[in-house]
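Visitor: no letters, just coordinates:
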């Protein structure tokens, strides 16, 4: 089961419990007293109210995730991104080859200029 489906089911269950019970209680403190053979214990509980709109919202969001969450997958986007990246990489490689060709031609031109300068400077002396 996909993680999104599990999360959707949890949201639906929590939202339903929030709507039905309206909140939950939890123990906050325990006080104990021992007087001779007599032992007394008092446990205080706290109540947390869950608003009705929060429970309904959790149910709606969980249902939407459960119904529509599996329709949107990342794989097709990744495949499209991979093909786009491959095309850009091929284009960049072609540009590098062109740049190397231009650099080689420029280097040949510089070598020719150096030879001409050496030849001309030698004839002037």
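Guide: Done, it's in. This structure is a prediction, so every number in the text was calculated from the model and none was measured.

Visitor: now the helices for the chain?
Guide: Assigned by DSSP state H, the chain shows helices spanning 3-21, 52-68, 75-124.

Visitor: ends of stretch 42-55, what's the gap?
Guide: Distance across stretch 42-55, first residue to last, is 32 Å (C-alpha to C-alpha, to the nearest Å).

Visitor: just for the protein, where's the confidence low?
Guide: 1, 70-80, 123-125 (pLDDT under 70).

Visitor: one more pass at 80, please.
Guide: 1-2, 69-83, 122-125 (pLDDT under 80).

Visitor: got CSV for the helices of the chain, with distance to residue 28 and mean neighbour count too?
Guide: In this view, the C-beta of every residue, glycine as well, is placed from N, C-alpha and C. Shown next, in CSV, are the helices of the chain (distance: least, C-beta to C-beta, whole Å; neighbours: other C-beta atoms under 10 Å):
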stretch, distance to residue 28, mean neighbour count
helix 3-21, 18, 15
helix 52-68, 22, 15
helix 75-124, 48, 10
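
Visitor: who wins for proximity to residue 39 among the ones you listed?
Guide: Closest approach to residue 39 among those (C-beta to C-beta): helix 3-21, 32.4 Å.

Visitor: what sits up against that closest one?
Guide: Residues from elsewhere that reach helix 3-21 (C-beta atoms under 8 Å, 6 or more residues apart in numbering): 24, 50, 52, 54-63, 65-66, 69-70.
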